[in-house]
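Undergrad: predicted model and sequence below, questions to follow.
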Amino acid sequence: MDPHLLRTFVAVARLASFSAAARELGYTQSAVSQHIAALEADLRAELLTRRPVAPTHAGARLLEHAGPLLLRLDAARADVLRLAAAPPGRVTLAASPLAVGPGLLAALPATGVTLRVMPPDRVPAALAAGDCDLGLVDGLAAPSDPLRLPDVAPLKITGVGEEALALLLPAGHPFARRAAVRLDDLADARWLDAPDAGLPLTPAHGSARTALRYEGTDLHALCALATAGHGLVLLPRRVAEAAASAGSGAGAAVPLDAPRLVHRTELLAPGNPSGAAAALAARLTAGSPYDHRTEQ
């Protein structure tokens with residue numbers, strides 16, 4: 001299957017227009033029509049209806065495969081280019097906000113690193129696309145369990161650390177003086193939904209109700225919203241305790257007792273990194289007791 005034809009098919013299906021796809025891809029409309037016809041001939045199936053332009057049943061099934069296939073091709077290209085064009089002595093690290101902790105700060109060399117902070121779900125894709133050399137991503141997991149990451153490219157994944165969790169809430173909250181809290185006790189609570197900076201609500205508490213949605217990566221802003229009473233937030237215990245103490249008594253950090261979850265951080269690398277990337281990876285994983293695995 002020709003990937004150029006597949007890219008054309010994906011563009012036409014997404015835009016629901018042959019002419020719009022032609023403009024986006026820089027082809028003539030006739031060329032786009034020829035691409036689709038060639039792909040349909042190769043697969044011996046009609047992939048698109050023409051009026052209106054929409055995927056057929058076979059086309060919808062092909063779209064399910066197309067995204068991962070094209071992403072893998074992009075990842076392979078980026079991996080080769082990364083090796084050929086990487087400036088000596090420099091490394092770009094993409095990290096989710098909560099992955100930027102004491103371990104990372106202690107491992108960073110004085111020079112030669114570009115740190116890009118981005119939402120957790122963008123880190124694997126950034127690595128696959130060649131926008132960075134290494135990635136640090138975090139999330140909720142059972143103790144010693146790996147994170148569930150999207151299959152975007154063959155990646156070497158190493159557990160870097162696990163931390164206890166705590167709930168950050170206003171000092172006047174009824175649970176603020178508790179020694180520990182269970183999420184089941186908070187069935188009626190309202191939570192901050194912060195997909196780009198915080199930990200996801202769904203794995204922690206399936207019936208969570210959102211008080212406010214915060215779209216940003218600034219942890220200080222997220223913590224300020226929680227201590228001001230705009231919703232509860234689950235954080236690594238060190239982060240919650242630091243935010244509570246920094247707020248002049250405005251907040252409280254209450255350890256999570258159940259369910260048994262931890263904040264887990266993992267290092268992502270495209271195969272075996274070399275040069276400055278390998279040196280930084282070694283510093284980040286030095287002494288790590290956690291698992292090493294490769295996603296194919």
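TA: Noted; the coordinates are in hand. Not measured: the values here are computed from a predicted model.
Undergrad: going forward, measure contacts and count neighbours with C-alpha atoms only.
TA: Fine.
Undergrad: what residues sit buried inside the strand or helix carrying residue 75?
TA: Assigned by DSSP states H and E, residue 75 belongs to helix 57-85. Using 16 or more other C-alpha atoms under 10 Å as the test for burial, helix 57-85 gives 59, 62-63, 66, 69-76, 78-79, 82.
Undergrad: grab the nearest non-local neighbour of residue 36.
TA: residue 9 (6.2 Å; C-alpha to C-alpha, 6 or more residues apart in numbering).
Undergrad: what's next to the strand or helix carrying that neighbour, contact-wise?
TA: For residue 9, the host element (DSSP H and E) is helix 3-15. Residues outside helix 3-15 that contact it (C-alpha atoms under 8 Å, 6 or more residues apart in numbering): 18, 20-21, 25, 32, 35-36, 38-39, 48, 53-55, 63, 66, 70.
Undergrad: hmm, 7 Å instead?
TA: 18, 21, 32, 35, 36, 39, 54, 55, 63, 66 (C-alpha atoms under 7 Å, 6 or more residues apart in numbering).
Undergrad: out of these, which are inside helices?
TA: Within the contacts of helix 3-15, residues falling in helices by DSSP state H are 18, 21, 32, 35, 36, 39, 63, 66.
Undergrad: the fourth one: what's its closest spatial neighbour, skipping adjacent residues?
TA: Computed as C-alpha to C-alpha, 6+ apart, the closest residue to residue 35 that is not its neighbour in sequence is residue 5, at 5.3 Å.
Undergrad: now for the one you found, how many residues are close by?
TA: 18 (other C-alpha atoms under 10 Å).
Undergrad: relative to residue 80, how far out is it?
TA: Per C-alpha to C-alpha, to the nearest Å, residue 5 is found 23 Å from residue 80.
Undergrad: pick out the residue closest to the middle of the protein.
TA: Residue closest to the average C-alpha location in the chain (C-alpha atoms, centre = their mean): residue 121, at 1.7 Å.
Undergrad: for it, give me the pLDDT.
TA: We have a pLDDT of 90 for residue 121.
Undergrad: secondary structure class for it?
TA: helix (DSSP: H, G, I helix; E, B strand; the rest coil).
Undergrad: could you measure it against residue 127, distance?
TA: 11 Å.
Undergrad: strands of the stretch 101-250 of the chain, start to end?
TA: Assigned by DSSP state E, counting those that start in this stretch, the strands in the stretch 101-250 of the chain fall at 113-117, 134-141, 155-163, 165-170, 181-182, 190-193, 209-213, 233-236.
Undergrad: could those be laid out in CSV, adding distance to residue 258?
TA: As requested, these are exported to CSV (distance: least, C-alpha to C-alpha, whole Å):
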stretch, distance to residue 258
strand 113-117, 30
strand 134-141, 13
strand 155-163, 14
strand 165-170, 10
strand 181-182, 5
strand 190-193, 17
strand 209-213, 19
strand 233-236, 12
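Undergrad: least reliable of those strands going by mean pLDDT?
TA: For the strands of the stretch 101-250 of the chain, where the average pLDDT is lowest is strand 209-213, sitting at a mean of 86.
Undergrad: which residue is the nearest non-sequential neighbour of residue 150?
TA: residue 124 is the one closest to residue 150 (C-alpha to C-alpha, 6+ apart), at 7.3 Å.
Undergrad: what's the answer for residue 132, then?
TA: That would be residue 92: by C-alpha to C-alpha, 6+ apart, it lies 4.9 Å from residue 132.
Undergrad: got it, and residue 115?
TA: Closest residue to residue 115 apart from its sequence neighbours, by C-alpha to C-alpha, 6+ apart: residue 93 at 5.0 Å.
Undergrad: what's across from the one you found in the sheet?
TA: residue 115, residue 134 (DSSP bridges).
Undergrad: residues contacting residue 97?
TA: Residue 97 touches 117, 118, 197, 217, counting by C-alpha under 7 Å, 6+ apart.
Undergrad: my bad, residue 91
TA: Per C-alpha under 7 Å, 6+ apart, neighbours of residue 91: 112, 113, 114, 133, 276, 277.
Undergrad: got the buried residues for stretch 40-47?
TA: Buried residues in stretch 40-47 (16+ other C-alpha under 10 Å): 40, 46, 47.
Undergrad: now stretch 250-266
TA: In stretch 250-266, counting by 16+ other C-alpha under 10 Å, buried: 250-256, 261-266.
Undergrad: show me those residues that map onto strands.
TA: Cross-referencing the buried residues of stretch 250-266 against strands under DSSP state E gives 251, 252, 253, 254, 255, 256, 262, 263, 264, 265, 266.
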